[in-house]
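Novice: Model the structure of this input:
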Amino acid sequence: MLAVHFASTSGESIVVGIVGTLLFGAIAATIILYFSNDRFHDALVAFSENRRQARAENARCRAARDVIPLVDESTYHAVMANVSAQLTQRGFIPQTHQPGLYTYVKNQRPSILLALILFFICFIPGVIYLIVGGGNVIVTVRITQVPQGYHFSATGPAKTVVRQVIRPYTIQPDILA
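Specialist: Model prediction:
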């Protein structure tokens, strides 16, 4: 009876019914195998463990690519000045500059295109969006010294800027192992 709603002819309703039955059977078989077969359960656990290890390795490589070797003081300040200039060009205003921690703020305005779409849908959501929409975006750039050099970490849109600026200086991940 459910298949009739999805199909217009009896032949199509039979096909929809068969596909639905096969799909339900496959889901039921997977559930039964999961609870009744220890090898199936162990295979799923091993798969999730392998995924967890791959994620940890991926995170280590991502962290490693954000490390530049120990450089002299002038090169370090030149890299940080370049990061600051790139963020300033993107509309961020320097907020605080402490040793190893730099904070930038950008005032986001509501999108006019989104406001117009909301006005066309209904007037009240458009007005609410114009009043409440927008806000401040705060990004931080943190530099910590590690045995291999300096580790740069950033939040939000500053991540791509920092990675672009420090790319020529970065250490290869196999060196850190």
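Novice: can you give me the helices for the chain?
Specialist: Counting by DSSP state H, one finds helices in the chain at the ranges 2-6, 10-36, 38-64, 73-89, 112-121, 123-132, 158-166, 173-176.
Novice: domains for the protein, by residue range?
Specialist: If the domains of the chain are taken from automatic domain parsing, they occupy 2-62, 68-176, with pieces of a single domain joined by a plus sign.
Novice: Same list (those) but as JSON lines, adding mean pLDDT and mean neighbour count.
Specialist: Where C-beta positions appear, they are placed from N, C-alpha and C, glycine not excepted. Formatted as JSON lines, those follow (pLDDT from 0 to 100; neighbours: other Cβ atoms under 10 Å):
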{"stretch": "domain 2-62", "mean pLDDT": "68", "mean neighbour count": "11"}
{"stretch": "domain 68-176", "mean pLDDT": "81", "mean neighbour count": "14"}
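Novice: Out of the helices of the chain, flag the one nearest residue 102.
Specialist: helix 73-89 (7.0 Å; Cβ to Cβ).
Novice: Alpha carbons of that closest one, as CSV, please.
Specialist: In CSV, the C-alpha atoms belonging to helix 73-89 read as follows (Å, rounded to 0.1, in the frame of the first residue of the first chain):
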residue,chain,number,x,y,z
GLU,A,73,64.9,37.4,15.3
SER,A,74,64.6,39.6,12.2
THR,A,75,63.2,36.8,10.0
TYR,A,76,60.7,35.9,12.8
HIS,A,77,59.5,39.5,13.0
ALA,A,78,59.3,39.7,9.1
VAL,A,79,57.1,36.6,9.0
MET,A,80,54.8,37.9,11.7
ALA,A,81,54.7,41.4,10.0
ASN,A,82,53.7,39.6,6.7
VAL,A,83,50.9,37.7,8.5
SER,A,84,49.7,40.9,10.1
ALA,A,85,49.7,42.7,6.7
GLN,A,86,47.8,39.9,5.1
LEU,A,87,45.1,40.0,7.8
THR,A,88,44.9,43.8,7.7
GLN,A,89,44.3,43.6,3.9
